[in-house]
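Chemist: Generate coordinates for the sequence data below:
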Amino acid sequence: MEYSFFAMMSRMKLIERWALMRNSLSENISEHSLEVSILSHALAIISNERLNNHLNAEKAALIGIYHDATEIITGDMPTPIKYFNDNIQGAFKAIEEVAAKRLLMMLPEDMRRSYESIFFPQEDEVYLWKLVKAADKLSALIKCIEERKAGNTEFVSAEKSIKEILITMKLEEVDIFIKEFLPAYDKTLDELN
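Modeler: The predicted model follows:
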């Protein structure tokens, strides 16, 4: 029997992000997911090393890789529409769940269970998923910073609103990342070296 899960995953590079905004540099969900994976891993490491938690940082990275995989089926819904009201947000969550189940069905039965915990939060990993969500927002903030640095003012209000969202998340790991690592994103390559 043939299975299409991994062929579908390879299509993440075809889904463009920020479709309603003028971009200096385009970004697809494959690129975004790599960045979210790196940031999720970093937040979990910060949590473990600085806050004495015992999170699985590798699992955080893995969840980050697949966190937007359902968009292969749903497309990337613009944030103003996705979060317009509770009804739309709830409907979209239901659509994402159907898409995730559909993707899992593209795997052989003996592999599905290993992937279910990557697509659906487990009771003991709720905090890990919060960190992945924060990493997703950090990635969006980084995109805004990059666009601002390129002279694109299209992302200025998005940058402000994403910063506010990150503050309201009240995650100490995020606060540490913002204080210690985010300022470097405003530097040039020469300044980074």
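
Chemist: any idea how far residue 94 is from the residue nearest to the spatial centre of the chain?
Modeler: Residue closest to the average C-alpha location in the chain (C-alpha atoms, centre = their mean): residue 136, at 3.0 Å. Residue 136 is 19 Å from residue 94, where distance means C-beta to C-beta, to the nearest Å. Any C-beta I mention is one placed from the backbone N, CA and C, and that applies to glycine too.

Chemist: Over to residue 169?
Modeler: Residue 169 sits 24 Å away from residue 94, going by C-beta to C-beta.

Chemist: So for those two, which sits in the more crowded spot?
Modeler: A side-by-side neighbour count of residue 169 and residue 94, using other C-beta atoms under 10 Å, places residue 169 first with 15 against 10.

Chemist: My read is that that one contacts residue 134, right?
Modeler: Yes: here residue 169 reaches residue 134: they are 5.6 Å apart, a contact under C-beta atoms under 8 Å.

Chemist: Which positions within stretch 53-72 qualify as buried?
Modeler: Within stretch 53-72, the residues scored as buried using 16 or more other C-beta atoms under 10 Å are 55, 57, 59-72.

Chemist: Identify, from the residues you listed, the entry nearest to residue 127.
Modeler: Within the buried residues of stretch 53-72, the smallest distance to residue 127 is 7.0 Å, found for residue 55 (C-beta to C-beta).

Chemist: what residues are up against that closest one?
Modeler: The contact partners of residue 55, taken as C-beta atoms under 8 Å, 6 or more residues apart in numbering, are 44, 47-48, 127-128, 131.

Chemist: How about the secondary structure of it?
Modeler: coil (DSSP: H, G, I helix; E, B strand; the rest coil).

Chemist: The closest residue to it other than its chain neighbours: which element?
Modeler: Among residues not flanking residue 55 along the chain, residue 44 sits closest, at 4.5 Å (C-beta to C-beta, 6 or more residues apart in numbering). Assessed by DSSP states H and E, residue 44 sits inside helix 29-51.
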